[in-house]
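In: Model the following, please.
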Amino acid sequence: MATIFVFLLLSAIFTAEAQLGQSNIVKPGSLLTPTTNSTWLSSSGLYAFGFYKQGSGYAVGIFVAGIPQKTVVWTANRDNPPVPTNVILNFTIDGRLVLQSPQGIVTSIANSPGGATSASMLDSGNFVLYNSDNKTIWQSFEHPTDTLLPSQHLSAGEVLYSSVSDSDQSTGLFRLIMQLDGWLAWYPIGTPYTIDYGYMSYGVAGEGNDVTLNLVDDGHLYLANGTGTIIVNLNSGNSTKGVVLYLLRIDADGILRLYSHNIGQNGSWSITWFAPDDKCAPKGLCGLNGFCVLIDQDFGCNCLPGFAFVNQSTKSLGCERNFTAESCKEASVTYTMEAVTNTVWENDNFSVLLSSTQETCKEACLGDCNCEAALFKDGECKKQRLPLRFGRRLQSDSNVALIKVGISTPTLDRIGPKESKKEVRVDILIISVSLVAFAFIVLVISGIVMYRYRVWEYGMISNNGNIVLSEDVSLRSFTYAELEKVTDGFKEELGRGSFGTVYKGELREWSEDQTKTFTDIRGTRGYVAPKWHRKMPVTVKVDVYSFGMMLLEIICCRKNVHYDLSEEEAILEEWVYHCFECGELGKLVNEEEVDKKQLERIVKVALWCILDEPSLRPSMKKVLLMLEGTVDIPIPPSPTSFLSTI
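Out: Presented below is the predicted three-dimensional model:
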């Protein structure tokens, strides 16, 4: 392996000069290294594909090479650590684009089906792999990271993720998605795609699921529907097409910016358009327990009272307590409430007090061990647990955050003179040692008594000719003489099997009836089959019913019955069938992004399992086949909820 790698490295060095003189078509067998022959250029030299410096090593990506300020626009495997100088980027003979290390580790750069016969870095900034018919089988434009280039589109369902910083292209804190409902929306990462978590959006209601975000060469930025009609103009173009270079990027601070650069000049990138215009709008910009503050058109991060930054140089990591909070069982720490005015936060309260004042809100939180903060506004006191997130200062909002902060109490004031402290500790030590010694003695005596009792009990059984069986004693072996006695000399043979001959025997003093079978209902209402509640004969399909109910609970993340919801949603199986019948299965998963076909298949299986008539329910074997997709699943009839009939 080492010999092959050295050969590849030498090949890359010796072919560097030859490749520079050829066109931008890259053939299989071409190699790149971080230090020599490190890029494949577009025909004009404006864009380059290959290695660029990142951190202590290198990354593979696409960057603007035709201007002094080299700018990264796409990164492969962006969350992988930087690679060292001794790796090779190989466009293999069999048409794969891979990164090879001296240790033999191979990392794919382009997840293409293979079989590429050529590649090219285009002047549009798109790196493309072609097959033998010169058709595109993979292109970087279909796998954007944080940037869109002119002629590139962000289609429905596609996402741009911000980077950590300008020098670190790893995935950052924010994302821009072209939603299936036709809206372009901004969200912090790790949150659902719902209005509560979004902080910016553009769109027109009712335009459908084929809206795209488009950037044109002249800087025209707009949303267009499936017919190509422009529905939202974000930035108008200009007449400097070909002279000015544009790129659209969601930056590390969560702001989407359109940058421009005059190719004929040596200046830096200029901001042509950006959104949102409030730099504190991105949610989570300052991390947990931190809040954003506007400072001269820029932003800064502050911590809540009693908190300090986790990392002063990376304030997006948030804040942590600078005092030790104690549990509810301890009362050695004194607390006070400190106010942070004109700040808004995510509301995740566990209790709300109405008709309150700020002072009574403070007292209520101080008196509640579980309350760590409270949000007070318009007479409402909302008790909170930490951490608080999505904080920002908003001068137009009257909300006040009340934070519980620990106060250090002088030691001498709380526990008295030093001599008294020593005496108390000696007493505690003596009591503790005595209790441990007493517990040890009791344990030893108990062990001896139990051991002797067991030995005596086994001895009594061995000496008892009547062979009395005790439920309190574990299984024992029998002698031949004992078996001969209870079977009356092996008088009556019952049958023969692979373990030997079976004889009829009688146990004396054994009156318990072992033929009785208990058929009482064991289960939870709403999960057992309806026929159990109606005292009708049950079948093997009762477990199929319970399995179906369990499937519905897993899908919807809720209980079988939830009377706090509306009448339509209170009984789970009725609500699920209603959503299925109306084609609104997205409601079951709170409109989250899921595989719709798989969701529909699982819902149909569950609905078949919970049918009232046992004979209509499938067997568990067929349930497994339906879940695997091996057999087709017909449209299930409406289930009859037992709970809705009582």
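In: Give the next helix or strand downstream of the helix or strand harbouring W273.
Out: According to DSSP states H and E, W273 maps onto strand 270-275. Remark: after strand 270-275, the chain's next helix or strand is strand 290-295, criterion DSSP H and E.
In: by contact count, what packs against that following strand?
Out: With contacts defined as 3 or more Cβ pairs under 8 Å, 6 or more residues apart in numbering; DSSP states H and E, strand 290-295 has these neighbours: strand 298-303, strand 391-393. Where C-beta positions appear, they are placed from N, C-alpha and C, glycine not excepted.
In: Check which strands are paired with that strand and give the direction for each one.
Out: Applying DSSP bridges, strand 290-295 is found paired with strand 298-303 (antiparallel), strand 391-393 (parallel).
In: Ok, which of those comes nearest M450?
Out: Evaluated over these, closeness to M450 peaks at strand 298-303, with 59.0 Å, by Cβ to Cβ.
In: Mind listing residues that contact that closest one?
Out: 253, 279-280, 285-287, 289-293, 309, 315-316, 319, 393 (Cβ atoms under 8 Å, 6 or more residues apart in numbering).
In: which of the helices and strands packed on strand 290-295 is buried the deepest?
Out: strand 391-393 (a mean of 25; mean count of other Cβ atoms under 10 Å).
In: what pairs with the following helix or strand past that strand, and is each one parallel or antiparallel?
Out: Using DSSP H and E, the helix or strand that follows strand 391-393 in sequence is strand 400-407. Applying DSSP bridges, strand 400-407 is found paired with strand 334-341 (antiparallel), strand 373-377 (antiparallel).
In: Stretch 451-466 - what's its average pLDDT?
Out: The average pLDDT for stretch 451-466 rounds to 61.
In: one step back: as CSV, the helices and strands packed on strand 290-295 with mean pLDDT and distance to N347 would be great.
Out: Output for the helices and strands packed on strand 290-295, formatted as CSV (pLDDT from 0 to 100; distance: least, Cβ to Cβ, whole Å):
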stretch, mean pLDDT, distance to N347
strand 298-303, 93, 20
strand 391-393, 93, 12
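In: Would you enumerate the residues in contact with the most centrally placed residue in the chain?
Out: The centre of the chain sits closest to G190, judged by Cα atoms, centre = their mean, with a distance of 6.6 Å. Not one residue lies near G190 by Cβ under 8 Å, 6+ apart.
In: tell me the domain ranges of this structure?
Out: 2-142, 147-275, 290-409, 419-445, 530-645 (automatic domain parsing).
In: Okay, buried residues for the shortest one please.
Out: For domain 419-445, the buried set under the neighbour-count rule, 16 or more other Cβ atoms under 10 Å, is empty.
In: Quick check: can you name the pairing partners of the strand holding W273 and their directions?
Out: strand 256-262 (antiparallel).
In: Now the strand it pairs with - C-alpha only, PDB.
Out: In PDB, the C-alpha atoms belonging to strand 256-262 read as follows (Å, rounded to 0.1, in the frame of the first residue of the first chain):
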ATOM      1  CA  LEU A 256     -28.400  36.000   4.500                       C
ATOM      2  CA  ARG A 257     -26.200  38.400   2.400                       C
ATOM      3  CA  LEU A 258     -25.700  39.000  -1.300                       C
ATOM      4  CA  TYR A 259     -22.100  40.000  -2.000                       C
ATOM      5  CA  SER A 260     -20.700  41.600  -5.100                       C
ATOM      6  CA  HIS A 261     -17.100  42.000  -6.300                       C
ATOM      7  CA  ASN A 262     -15.800  44.000  -9.300                       C
END
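In: Of all the residues in it, which ones are buried?
Out: Buried, per 16+ other Cβ under 10 Å, within strand 256-262: L256, R257, L258, Y259, S260, H261.
In: Kindly report the same for stretch 198-210.
Out: Neighbour-count burial for stretch 198-210 [16+ other Cβ under 10 Å]: G198, Y199, M200, Y202, G203, E207.
In: among the helices and strands packed on strand 290-295, which is nearest K622?
Out: That would be, of the helices and strands packed on strand 290-295 and by Cβ to Cβ, strand 391-393, which comes in at 53.1 Å.
In: Other residues contacting that closest one?
Out: 280-281, 285-286, 289-294, 302, 304, 342-345, 401.
In: Let me know the average pLDDT across stretch 319-335.
Out: Mean pLDDT, stretch 319-335: 75.
In: now do the same end-to-end measure for it.
Out: Using Cα to Cα, to the nearest Å, one end of stretch 319-335 lies 19 Å from the other.
In: Tell me if G228 really is in a strand.
Out: No: counting by DSSP: H, G, I helix; E, B strand; the rest coil, G228 falls outside a strand, being coil.
In: What is the burial count for it?
Out: 8 (other Cβ atoms under 10 Å).
In: now for the host helix or strand of T501, which elements pack on it?
Out: In this structure, T501 sits in strand 500-503 according to DSSP H and E. The helices and strands touching strand 500-503, judged by 3+ Cβ pairs under 8 Å, 6+ apart, are strand 493-497.
In: Now the strand it packs on - C-alpha only, PDB.
Out: C-alpha atoms of strand 493-497 as PDB (Å, rounded to 0.1, in the frame of the first residue of the first chain):
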ATOM      1  CA  GLU A 493     -47.100 -46.300  32.000                       C
ATOM      2  CA  LEU A 494     -48.500 -43.100  30.400                       C
ATOM      3  CA  GLY A 495     -46.300 -42.900  27.300                       C
ATOM      4  CA  ARG A 496     -42.800 -42.700  25.900                       C
ATOM      5  CA  GLY A 497     -40.800 -39.700  24.500                       C
END
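In: List the contacts of that strand.
Out: With Cβ under 8 Å, 6+ apart, strand 493-497 has contacts from T501, V502, Y503, K504.
In: residues touching the second one, list them.
Out: To tie it back to what came earlier, the one meant is V502. V502 touches E493, L494, G495, R496, counting by Cβ under 8 Å, 6+ apart.
In: Next one, pLDDT for the last one please.
Out: Think R496. 70.
In: ok, now how distant is the nearest residue to R558 once chain neighbours are set aside from L552?
Out: Closest residue to R558 apart from its sequence neighbours, by Cβ to Cβ, 6 or more residues apart in numbering: L572 at 6.8 Å. Relative to L552, L572 is positioned 5 Å away (Cβ to Cβ, to the nearest Å).
In: Look at the two and report which has more neighbours.
Out: Using other Cβ under 10 Å as the criterion, L572 and L552 rank with L572 on top: 25 against 22.
In: Surely the residue nearest to R558 and I555 touch.
Out: No: with contact defined as Cβ atoms under 8 Å, L572 does not reach I555; the gap is 9.6 Å.
In: doesn't the residue nearest to the centre of the chain fall inside a helix?
Out: No: with three-state DSSP as the criterion, G190 is coil rather than part of a helix.
In: and K621, how many neighbours does it have?
Out: 8.
In: in the helix or strand it falls within, what counts as buried?
Out: Per DSSP H and E: K621 is located in helix 620-628. Buried residues in helix 620-628, counting neighbours by 16+ other Cβ under 10 Å, are found at K622, V623, L625, M626, L627.
In: coming back round to it: can you tell me the strand partners of the strand holding T501 and which way each runs?
Out: Strand 500-503 is paired, per DSSP bridges, with strand 493-497 (antiparallel).
In: chain center to the strand it pairs with, what's the gap?
Out: 61 Å (Cα atoms, centre = their mean, to the nearest Å).
In: With stretch 544-559 instead?
Out: 21 Å.
In: what comes up buried for it?
Out: Buried, per 16+ other Cβ under 10 Å, within stretch 544-559: V544, Y545, S546, F547, G548, M549, L551, L552, E553, I555, C556.
In: same thing with stretch 582-598?
Out: Buried, per 16+ other Cβ under 10 Å, within stretch 582-598: L585, L588.
In: what sits up against that stretch?
Out: G157, P192, Y193, T194, I555, C556, V576, C579, L599, E600, V603.
In: Out of those residues, which sit inside strands?
Out: Assignment to strands by DSSP state E places none of the contacts of stretch 582-598 there.
In: CSV please, covering those and showing distance to Y47 and pLDDT.
Out: Listed next are the contacts of stretch 582-598 as CSV, based on distance: Cβ to Cβ, whole Å; pLDDT from 0 to 100:
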residue, distance to Y47, pLDDT
G157, 26, 94
P192, 36, 93
Y193, 32, 93
T194, 38, 92
I555, 46, 90
C556, 48, 90
V576, 51, 91
C579, 48, 90
L599, 41, 91
E600, 43, 91
V603, 47, 93
